[in-house]
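S.K.: quick one: sequence plus predicted model below, questions after.
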Amino acid sequence: MRRGIVYVVSDSVGETAEFVVRAAASQFDGGRVEVHRISFVDDAAVLQDIVQSAREDGALIAFTLILPELRREMTRLADENGVIAVDIMGPMLEAFSRAFGMPPKLRPGLVHQLDEEYFRRVEAVEFAVKYDDGRDPKGLLRADVILIGVSRTSKTPLSMYLAHRRLKVANVPLVPEVEPPEELFTLPPRKIIGLMIDPEELNKIRTERLRSLGLTAQANYANLERILAELEYAEGIMKKIGCPVIDVSNKAVEETASIVLDILKRGGTRV
């Protein structure tokens, strides 16, 4: 394939059209194209110049224009000037309308608003991973919500679930032998949520955890007296902070997450 020129014309950034163009080019020997991207086209008056330039360059035009009048004008001008132009978005919009019985919004750039949601979600997930299990207390100052509780109260899976709701979540384990970060006592209590659990249920969870690791169930980690001491210590910390507390006993992560979101919506009311 000789090196060709493609004009990518869009009423938004033009990434979608360029991706399609390069995907198509990869199916030809060489697969090299010179892409001239023309973004944020919202006026039919500029289409004449674009088509004229494409004709002079012997270029193909690939366009993603949402407004029907712009699509029609681009097609008309290309036909008049003998330029090949491919409407990437139009046929799909029409197919959606026919299949689902609803009109398109006809608002350019909506896909990039979705992209922003995606990147915020990715950022939140990365945050949850970075500040999992109290790794760096500095993250507490940047978190939208902080989960505290003893080991095996679902802090990590809950953090990840909430991260997919675009919340930056840090979590801190409460262990009697380790002083909790000072930041916990200086931040607004409404940003912190304590997780408590029935001691017998926690005993079962920890025992299963030890078995999965090939360790004896008699280890101090699953000892009921140790568990009671940990829960008493954690409850004391939570009372000192004055944060909302959720009993996660027999609750799925989704159920606990729903309660967390409700608490945050109400401004951190204790439950």
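M.R.: Perfect, I can see it now. In this text, all values refer to a predicted model and were calculated from it rather than measured experimentally. Numbers count the residues shown, from 1 in each chain.
S.K.: which residues sit in contact with the spatially closest residue to Pro199 that is not a sequence neighbour?
M.R.: In space, and not counting its chain neighbours, Pro199 is closest to Ile227: 5.0 Å by CB to CB, 6 or more residues apart in numbering. No exception for glycine: its C-beta is placed from N, CA and C like everyone else's. Residues near Ile227 by CB atoms under 8 Å, 6 or more residues apart in numbering: Val150, Pro199, Leu202, Asn203, Arg206.
S.K.: Glu254 - how many residues pack around it?
M.R.: Counted with other CB atoms under 10 Å, residues neighbouring Glu254 total 10.
S.K.: please report the distance of it from His164.
M.R.: Glu254 sits 11 Å away from His164, going by CB to CB, to the nearest Å.
S.K.: can you pull out the helices in the stretch 1-150 of the chain?
M.R.: Per DSSP state H, counting those that start in this stretch, the stretch 1-150 of the chain carries helices over the ranges 15-25, 47-57, 68-81, 90-100, 110-130.
S.K.: adding distance to Gly194 and mean pLDDT, write those out as a markdown table.
M.R.: Conversion of the helices of the stretch 1-150 of the chain to a markdown table gives the following (distance: least, CB to CB, whole Å; pLDDT from 0 to 100):
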| stretch | distance to Gly194 | mean pLDDT |
| --- | --- | --- |
| helix 15-25 | 44 | 87 |
| helix 47-57 | 60 | 93 |
| helix 68-81 | 55 | 93 |
| helix 90-100 | 46 | 87 |
| helix 110-130 | 18 | 77 |
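S.K.: and the furthest pair within the contacts of Ile227?
M.R.: Farthest-apart pair in those is Val150 and Asn203; separation 11.8 Å (CB to CB).
S.K.: which of those two has more residues huddled nearby?
M.R.: Neighbours were counted for Val150 and for Asn203 using other CB under 10 Å; Val150 has more, 24 against 19.
S.K.: which residue is the nearest non-sequential neighbour of that one?
M.R.: By the measure of CB to CB, 6+ apart, the closest residue to Val150 outside its immediate chain neighbours is Glu230, 4.5 Å from it.
S.K.: quick one, what contacts the one you found?
M.R.: Going by CB under 8 Å, 6+ apart, Glu230 touches Val150, Ser151, Leu174, Val175, Pro176.
S.K.: mind checking which helix or strand it is in?
M.R.: Glu230 is part of helix 224-241, with elements assigned from DSSP states H and E.
S.K.: give me the sheet partners of the helix or strand that that helix is followed by and which way each runs.
M.R.: Scanning forward in sequence from helix 224-241 by DSSP H and E, the next helix or strand is strand 245-247. Strand 245-247 has its sheet partners listed here by DSSP bridges as strand 192-196 (parallel).
S.K.: contacts for the strand it pairs with, please.
M.R.: 145-149, 153-155, 158, 184, 231, 234-235, 237-238, 241, 243-249, 256, 260, 263.
S.K.: what's the mean pLDDT across it?
M.R.: For strand 192-196, the mean per-residue pLDDT is 98.
S.K.: that one vs helix 224-241, what angle?
M.R.: Counting by axes from the mean of the first three to the mean of the last three CA atoms, to 10 degrees, strand 192-196 lies at 160 degrees to helix 224-241.
S.K.: what about strand 192-196, distance to the chain center?
M.R.: Relative to the centre of its chain, strand 192-196 is centred 24 Å away, using CA atoms, centre = their mean, to the nearest Å.
S.K.: give me the neighbour count for the closest residue to Met102 other than its chain neighbours.
M.R.: Take Met102 and drop its neighbours on the chain: the residue closest to it by CB to CB, 6+ apart is Phe96, 7.8 Å away. Phe96: 13 surrounding residues under other CB under 10 Å.
S.K.: got it, and Ala54?
M.R.: Neighbouring residues of Ala54 were enumerated by other CB under 10 Å; the total is 24.
S.K.: which residue, other than its chain neighbours, is closest to Leu77?
M.R.: Leaving aside its sequence neighbours, Leu77 sits nearest to Val51 (CB to CB, 6+ apart; 4.4 Å).
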